[in-house]
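K.L.:
Make a model of this:
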Amino acid sequence: PAVTQEGFREADLARAPNGDLLCVMRSGGRNGGPAVLFPTPLYCSRSHDLGQTWTLPAQIADRGVCPNLAVLENGIIVCTYSRPGNWLIFSADNGLTWKGAFQFGSTGDYNYLAVVGADAFIVFHEVRENTGKVVYGTFFQVKKT
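P.N.:
The predicted model follows:
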């Protein structure tokens, strides 16, 4: 039940606070070249038995390549992804639902995140400047309400 251009790939794994394994994966994302292709969704599958079985992939965002996951000490799961744009999305319920899609950049380059505190993280992202690329780090803080 998935819309893909390339099949599932570029997966990242994280253990949710309840112990479930989460796998977030790309399903496409090529939006250039001779045939202009549309952005394809980002999907998530979960395992309750340490990876022996997995749920069917469920769409969590309308686009996404190179997803990167982190679980904050406060229980919030953060996912960064790109193309088109640089994005963040959040789950406060062990990855069952995702919300707060937030665009923080306009490139299609990959993002990587690292936890830097109980409710803080940094996202590293490439930005094209002049004739090359520069890597920026942007700090974010997320608190449960």
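K.L.:
so where is the chain shaky, pLDDT-wise?
P.N.:
By pLDDT under 70, the low-scoring segments of the chain are 1-5, 29-39.
K.L.:
Residue 123 versus residue 74, what's the distance?
P.N.:
Residue 74 is 17 Å from residue 123, where distance means C-beta to C-beta, to the nearest Å. The C-beta positions use only the backbone N, C-alpha and C, and glycine is treated the same way.
K.L.:
thought residue 136 was touching residue 129?
P.N.:
No. Residue 136 lies out of contact with residue 129 (C-beta atoms under 8 Å); the separation is 9.8 Å.
K.L.:
ok, the two, which is more surrounded?
P.N.:
Set residue 136 next to residue 129 and count neighbours by other C-beta atoms under 10 Å: residue 136 wins out with 14 against 9.
K.L.:
what about that one, helix or strand, and which?
P.N.:
Here residue 136, judged by DSSP states H and E, is contained in strand 132-141.
K.L.:
do the same with residue 90
P.N.:
According to DSSP H and E, residue 90 maps onto strand 86-91.
K.L.:
about what we covered before: tell me the strands beside the strand holding residue 136, with direction?
P.N.:
Paired strands of strand 132-141, with direction, are strand 120-129 (antiparallel) (DSSP bridges).
K.L.:
Among residue 74 and residue 123, which residue is more densely surrounded?
P.N.:
A count of neighbours by other C-beta under 10 Å puts residue 123 above the other of residue 74 and residue 123, at 22 against 14.
K.L.:
what sits against that one?
P.N.:
80, 86, 88, 104, 111, 112, 113, 137, 138, 140 (C-beta atoms under 8 Å, 6 or more residues apart in numbering).
K.L.:
Appreciated, that's everything.
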